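Colleague: No sequence on hand, only this structure:
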């Protein structure tokens, strides 16, 4: 799995309908917390989900009373906006058009993404989601700015 964490003071997502038959989507928004871009590969499963949820829930990038980044999402009661993002697996080594063969099959990726969001929720974190596979518009105010990336292929070895 690959996840980009952005510490935000606020973030929101809406879905761009592709046709009139599209199921309505109520825009989702959060205040202080993390906006996550989440990419899933076919090899990802429960081990990656549990590891990443624990790491992100306990990531200490919120300021303490001394102004040091020493508090976690759990410490500050922050929220999460989780956006599925297969383009995190873009292969740009050749040519100018990225390839996405490293991204997980949609049925697998959607299941793992939902499992990851549920695991974050198990920590008591409020998690709002975009819509898997949809054309979305995401707005955020990056606080800091703080942006951190995780790649289980690299970090869990």
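Modeller: All right, it came through fine. Values in this document were obtained by computation on a predicted structure and should not be read as measured data. Numbers count the residues shown, from 1 in each chain.

Colleague: Just say helix, strand or coil for residue 87.
Modeller: helix (DSSP: H, G, I helix; E, B strand; the rest coil).

Colleague: my guess is it contacts residue 98, does it?
Modeller: Yes. Residue 87 is in contact with residue 98 according to Cβ atoms under 8 Å; the separation is 7.3 Å. For glycine as for every other residue, the C-beta is placed from the backbone atoms N, C-alpha and C.

Colleague: Let me know the secondary structure of residue 116.
Modeller: Classification of residue 116 using three-state DSSP returns helix.

Colleague: which secondary element of this structure has the worst mean pLDDT?
Modeller: Lowest by mean pLDDT, DSSP states H and E among the helices and strands of the chain is helix 152-155, with a mean of 91.

Colleague: Could you give me the buried positions within stretch 123-130?
Modeller: 123, 125, 127, 128, 129, 130 (16 or more other Cβ atoms under 10 Å).

Colleague: swap in stretch 34-42?
Modeller: So stretch 34-42, judged by 16+ other Cβ under 10 Å, has buried residues 34, 35, 36, 37, 38, 39, 40, 41.

Colleague: could you list every residue that touches the first one?
Modeller: Shown here is residue 34, whose contacts under the criterion Cβ atoms under 8 Å, 6 or more residues apart in numbering are 5, 6, 7, 8, 56, 73, 78, 79, 80, 81.
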